[in-house]
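Chemist: here's my sequence, what's the structure:
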Amino acid sequence: MSRIRPHVRGSRLTTACIAATTATLLAAVLTPAADAADRPNRATALDNAAAVLAERAASLGLTAAQGTAVRDVIVDQDGTQHVRYDRTYRKLPVLGGDFVVHLAPDGSYRGADRATRSEISLPTVVPALSAPRAADTAADALRAAHPGEALKKLTVKPRLVVDALHGAPRLAWRTDVVALDARGNPVARAVLTDARTGARIDAWDTLETATGDGASLYGGTVPLETTLSGATYQLKDPTRGNTYTGDAANKTDLCIFGICISRAPSTVFTDADNHWGPARPPTAPRSRRTPSTART
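Modeler: Numbers count the residues shown, from 1 in each chain. Sure, this is the predicted structure:
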């Protein structure tokens, strides 16, 4: 009997340990689910941020002439909320007018980050500089950025904005200009022009680098470095000297002794979602068979 009791006591201790461990594991598994259910969602964050905007409009620099539009919403793991807004002034976009509202998990206000703290108040939103003149300025800026290039299919889109990025807020034209270079590759630039004086404020390239993927023939899905141009992606790799893949329209270069008389076109391939492929194997030409003649 004396030898059996320690075994019984040990069995009870083991059972108790298993029960405790099981309870701990269950709590660990169920707690994240409970936290996820309690964490605010996007709609809740938007409601909380809207209440803050109504209560703190003056401290955020918002006036009756200004409007807001939600750009992004982020809810952290602990329930902290961050809502980013774009700003308008008399229905014109404000460059540099965006701000982020930070909220506690319970929706209470924690603070805000503003791109500018300058007061936005303009005497008029009627430009002295016409849209065609702003368009000409932008086109000249694109040509100057590509000297010696014969740009083709040039398109220009000016729009009025309020510039709060470069000192005191002022009325400006933001003009997006796009063209094709001699090789058929897109080039693009945004030009900011003072809508009162016609002076150029700033200019920058609008082609952006992006990471996409391609469904290859033998290697599965592979990453691709591409270039974002407006709303489309180009199969051009800016990390490797702007190497690109283009459409030669079933033509080849005509070269003799290293001197090329004519060049095949090379229009860079574009895509809407940056997911390329699937690749297809080349189609082999069909062979022609001559029926054999049976001799009797």
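
Chemist: would you enumerate the residues in contact with the closest residue to residue 199 other than its chain neighbours?
Modeler: Of all residues not flanking residue 199 in the chain, residue 193 sits nearest, at 7.1 Å (CB to CB, 6 or more residues apart in numbering). (C-beta placed from N, C-alpha, C; glycine too.) Contacts for residue 193 (CB atoms under 8 Å, 6 or more residues apart in numbering) come out as 129, 134, 137, 138, 172, 173, 175, 199, 200, 201.

Chemist: now, among those, which is nearest to residue 260?
Modeler: Residue 260 lies nearest to residue 138 out of the contacts of residue 193, by CB to CB, at 34.4 Å.

Chemist: helix, strand or coil for residue 128?
Modeler: Three-state assignment for residue 128 (DSSP: H, G, I helix; E, B strand; the rest coil): coil.

Chemist: no, scratch that, I was asking about residue 148
Modeler: Strictly by three-state DSSP, residue 148 counts as coil.

Chemist: now the helices for the protein?
Modeler: Ranges of helices in the chain, per DSSP state H, are 4-38, 42-55, 131-145.

Chemist: who does residue 102 bridge with?
Modeler: In this entry, residue 102 is beta-bridged to residue 82, residue 111, by DSSP bridges.

Chemist: top of the contacts of residue 193 by neighbour count?
Modeler: residue 172 (28 neighbours; other CB atoms under 10 Å).

Chemist: tell me how far it lies from residue 134.
Modeler: Taking CB to CB, to the nearest Å as the measure, residue 172 falls 9 Å from residue 134.

Chemist: between the two, which contacts overlap?
Modeler: Here residue 172 and residue 134 have 193, 195 as joint contacts, going by CB under 8 Å, 6+ apart.

Chemist: and the helices of the chain, which one is worst for confidence?
Modeler: In terms of average pLDDT, helix 4-38 trails the rest of the helices of the chain, at a mean of 51.

Chemist: was I right to think residue 100 contacts residue 82?
Modeler: Yes - applying CB atoms under 8 Å as the test, residue 100 and residue 82 come out as touching, 5.8 Å apart.

Chemist: quick one: residues contacting the residue lying closest to residue 71 once chain neighbours are set aside.
Modeler: In this structure, residue 71 finds its nearest non-sequential neighbour in residue 84, 4.6 Å apart by CB to CB, 6+ apart. Neighbouring residues of residue 84 by CB under 8 Å, 6+ apart: 70, 71, 72, 73, 98, 99, 100.
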